[in-house]
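> give me coordinates for this.
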Amino acid sequence: MSNLVSPALSRRPLEYAPATLSRARLRGRPWFSMVFLFIAFFLIQHDFYFSLLSHEGFSPSLGEFTEKVEDGNLLRRLVLIVVGCWGIVVTALYRERSDAIGNPWLGWLIRVFLVWSALSFAWSVDPGLTGRRIIVLSMLCIGAYAISWRFSLRDFVVWVAVSSFGYLHVGILAELILGTFHPFSGEYRFSGTLHPNSQAINCALLLLATGTQALESDRWRTVYLAVLLEATVFLLLTKSRTCLVLTPLAPFLFWLLTERLPTKVAFSLLAAFIGTTAMLGREVIVPLVTSTLSSGRADSEMITLTGRIPLWSQLFRYIEQRPLLGYGYDSFWTSRYADTILATQDWVVTQAHSTYVELLLSLGLVGLLLYVAISFGVVWVAVRYRRRGASLDICLVGSLVIFALLNGLMESVMIMSNMATLVVMVGVSKLVFSLRASELYNSSLQTDHPSPTGAP
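Predicted structure coming up:
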C-alpha cells in the first residue's frame, strides 16, 4: 500500500514550498463554475414541491417509479449533457499534467471500473436502460474530472460548503412557502426539496465541509460555528439515523487512522470500556439509545432495519443467479423485477438500500471488489498525505470516502446520479489525477477563506 503515494511526493520534505504562487490563487475562486453546478444539480435532483409528499411517506407509487425508470427524465438528461460538455471545455482549459502528483495505480483501477460498467451493456437484462445509465455515468465522470482540475483543494472545500448551504436554505424556504414546515410535530421529517434521507446527506456534507473550514480559519470561525449548529439541527429534523451516526464517525475514523499506534490502542481500550459499561447498564442505557436512534419509529422497524433485512434476503436470490456479472449497470430496477419484489414487501421498493447490494445487482462481484478497492485506496492515500503534514483540506476527501463506505451499508444514495455522488467523485479525482503539492502543503497561500454564505 505504500506505493499508492506518489514516489516524487514521498521524497519531498514537509517544509516544501513552491517558488511561485499557485495558479489557483492567480485566477481566484471559480465562483461562476460553483453557481453553474449549483443550478445544474438543483434541476437534476431537487423538487421545490417535494415536501408535499410527506403524507405519502415521501415515496412514489410503483407506477410512477416504473414510468420514471423506463421513460427517464428529459430535463435531467439534457442538464447532464450540458454538464458533460462544460466539463470537456473546462478540462481543455485548466488541465495541467506537468505539476500534478497523480496516482497511477488508483487511476488504472478507476479506468477498469468504468470500462467494466460500460461492458455490462453486453450482458444487461435491459440494454436500452443500461445504455442511458452509462451515458449519465460518463457525463458525471467528465464533470467530476473537470471540476478536480478547475478547483483547487481549498476551492473544493468551499464549493461543498456553499452548495450544501444553499440547498439547505432553498429547502427551508420551500417548506415555509408550502406550509409543510412543522418541526414540533411527532411525525415530521424535514425534507425541503429532497427525500429526508438525501437531505440528511446534504446536511452531513455541510457539516463536514464547514467543520474543515472552522478548524483552519480564525477570521470566519464564529460564522462557521453558527452554520454547524444550524446544519446539526436540521440533520436531527430529517430523523435519518444513518447520517446522524456517520457524520461525526467518519471524520473521527479518518483522524484515528492518521494517529500513531498508542493513540489507536488508547481509543480501542476506551471503546471497550464504553461497551462493557453499556452491557452492565443495559437496562437503562440500551432503552435510551434505542429511543434516540429510532427517531420515533416502531420497534419492529428497528429490528428489521426499516424493512431492509427482508428486502436484502430476497435480493440475494437474484444475486445468486448472476453473481459475477450482475444485471447491467444500474439496470436491475425495472418493472420486470420491481413487480415481483413489491408483491412480497409491504412498501414500495425503488432501490436496494445498500451500495454493496446495489453494486452486486448492477455489476456483480467484480464491480463490487473494484469499488471497494478504489475507496480503500483513496482513504489510505489521504491518510498518508495527512501523516506527512498535508493541510486539513485533505481530511475532507478522506472523511467523505469513509462516509460513503459506511453509508453504503444502509443506503444506495451515494452511487446514484446526484450531488453527493458528484462531490465524492470530485474528491477522488482530485486525489488521484489532479492534485498538486502546493495544494497539499500551502493552501494558506491561496485566497483567504470566505464564509460559507459566500460573503467576501
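> for the host helix or strand of residue 85, packing partners?
Following DSSP states H and E, one finds residue 85 within helix 74-94. Other helices and strands packing on helix 74-94, by 3 or more C-beta pairs under 8 Å, 6 or more residues apart in numbering; DSSP states H and E, are helix 31-45, helix 127-150. Quick note: C-beta positions are derived from backbone N, CA and C, even for glycine.
> who does the last one touch, helix- and strand-wise?
If I follow you right, that is helix 127-150. Using 3+ C-beta pairs under 8 Å, 6+ apart, helix 127-150 is in contact with helix 31-45, helix 74-94, helix 104-119, helix 153-178, helix 419-429.
> any idea which of those scores lowest on pLDDT?
Lowest mean pLDDT of those: helix 74-94, a mean of 90.
> buried stuff in that helix?
Neighbour-count burial for helix 74-94 flags 79, 80, 83, 84, 86, 87, 90, 91, 94 (criterion: 16 or more other C-beta atoms under 10 Å).
> check stretch 96-113 too.
100, 101, 102, 103, 106, 109, 110, 113.
> then that stretch to CSV, C-alphas only?
Extracted in CSV, the C-alpha atoms of stretch 96-113 (Å, rounded to 0.1, in the frame of the first residue of the first chain):
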residue,chain,number,x,y,z
GLU,A,96,-2.1,20.9,-16.3
ARG,A,97,-0.5,17.5,-16.1
SER,A,98,3.0,18.8,-15.7
ASP,A,99,2.7,19.7,-12.0
ALA,A,100,0.1,17.1,-10.9
ILE,A,101,1.3,14.5,-8.5
GLY,A,102,-1.1,11.8,-9.8
ASN,A,103,-1.6,8.2,-8.6
PRO,A,104,-1.2,5.7,-11.5
TRP,A,105,-2.4,2.6,-9.5
LEU,A,106,-5.7,4.1,-8.4
GLY,A,107,-6.1,5.8,-11.8
TRP,A,108,-6.0,2.4,-13.5
LEU,A,109,-8.4,0.9,-11.0
ILE,A,110,-10.9,3.7,-11.8
ARG,A,111,-10.5,3.1,-15.5
VAL,A,112,-11.1,-0.6,-15.1
PHE,A,113,-14.2,0.1,-13.1
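> distance from it to the middle of the chain?
The chain centroid and the centroid of stretch 96-113 are separated by 21 Å under C-alpha atoms, centre = their mean, to the nearest Å.
> just give the closest residue to residue 193, not the sequence neighbours.
Once flanking residues are discounted, residue 193 sits nearest to residue 46: 3.9 Å by C-beta to C-beta, 6 or more residues apart in numbering.
> what is the burial count for that neighbour?
Residues contacting residue 46 under the criterion other C-beta atoms under 10 Å number 20.
> show me the contacts for it.
Neighbour list for residue 46: 167, 170, 193, 194 [criterion: C-beta atoms under 8 Å, 6 or more residues apart in numbering].
> if you rank the residues you listed by neighbours, which is first?
Highest neighbour count within the contacts of residue 46, by other C-beta under 10 Å: residue 194, with 27 neighbours.
> now residue 81, nearest residue through space, not along the chain?
Per C-beta to C-beta, 6+ apart, closest to residue 81 is residue 139, 6.2 Å.
> what separates the one you found from residue 113, distance-wise?
According to C-beta to C-beta, to the nearest Å, residue 139 and residue 113 sit 16 Å apart.
> can you check residue 130 too?
Applying C-beta to C-beta, the value for residue 130 to residue 113 is 15 Å.
> among the buried residues of stretch 96-113, which one lies nearest to residue 336?
Residue 336 lies nearest to residue 113 out of the buried residues of stretch 96-113, by C-beta to C-beta, at 26.0 Å.
> which residue packs closest to that closest one, ignoring adjacent ones?
residue 370 (4.3 Å).
> quick one: list the elements packing against the helix or strand hosting that neighbour.
Using DSSP H and E, residue 370 sits within helix 355-387. Secondary-structure packing of helix 355-387 (3+ C-beta pairs under 8 Å, 6+ apart): helix 104-119, helix 241-258, helix 308-319, helix 393-407, helix 419-429.
> take these and lay them out in a markdown table including distance to residue 436.
Listed next are the helices and strands packed on helix 355-387 as a markdown table, based on distance: least, C-beta to C-beta, whole Å:
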| stretch | distance to residue 436 |
| --- | --- |
| helix 104-119 | 16 |
| helix 241-258 | 21 |
| helix 308-319 | 42 |
| helix 393-407 | 12 |
| helix 419-429 | 13 |
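> can you tell me which of these is packed in deepest?
helix 393-407 (a mean of 25; mean count of other C-beta atoms under 10 Å).
> would you put the C-alpha positions of that one in CSV?
These are the backbone C-alpha positions of helix 393-407, laid out as CSV (Å, rounded to 0.1, in the frame of the first residue of the first chain):
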residue,chain,number,x,y,z
ASP,A,393,-8.4,20.1,3.4
ILE,A,394,-7.2,16.6,2.6
CYS,A,395,-9.2,15.3,5.6
LEU,A,396,-12.5,16.3,3.9
VAL,A,397,-11.7,14.0,1.0
GLY,A,398,-10.8,11.1,3.3
SER,A,399,-13.8,11.7,5.5
LEU,A,400,-16.2,11.8,2.6
VAL,A,401,-15.0,8.5,1.2
ILE,A,402,-15.3,6.9,4.6
PHE,A,403,-18.8,8.4,5.0
ALA,A,404,-19.7,6.9,1.6
LEU,A,405,-18.4,3.5,2.5
LEU,A,406,-20.3,3.4,5.8
ASN,A,407,-23.4,5.0,4.4
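> that helix: how far from the chain's middle?
Put simply, helix 393-407 sits 8 Å off its chain's centre (C-alpha atoms, centre = their mean).
> quick check: residue 224 touching residue 212?
No: assessed by C-beta atoms under 8 Å, residue 224 is found out of contact with residue 212, at 9.3 Å.
> out of the two, which sits in the busier spot?
Higher neighbour count among residue 224 and residue 212: residue 212, with 27 against 23, using other C-beta under 10 Å.
> so the more buried one is in which element?
Assessed by DSSP H and E, residue 212 sits inside helix 196-216.
> tell me what the helix or strand following that helix is packed against?
Downstream of helix 196-216, the first helix or strand assigned by DSSP H and E is helix 221-238. Packed against helix 221-238 by the contact rule (3+ C-beta pairs under 8 Å, 6+ apart) you find helix 153-178, helix 196-216, helix 241-258.
> give me the phi and psi for the residue nearest to residue 193.
phi -100, psi 160 (degrees, to the nearest 10).
> quick check: pLDDT value at it.
With respect to pLDDT, residue 46 scores 92.
> same thing with the one 10 residues further on?
The model reports residue 56 with a pLDDT of 58.
> now residue 133: how far from residue 127?
Distance of residue 133 to residue 127, given as C-beta to C-beta: 11 Å.
> between these two, which contacts overlap?
Between them, residue 133 and residue 127 share the contacting residues residue 328, judged by C-beta under 8 Å, 6+ apart.
> more neighbours: which of the two?
Remark: of residue 133 and residue 127, residue 133 carries more neighbours, 23 against 14, as counted by other C-beta under 10 Å.
> go ahead and flag the most central residue of this structure.
Geometric centre of the chain, nearest residue: residue 420, 4.0 Å, by C-alpha atoms, centre = their mean.
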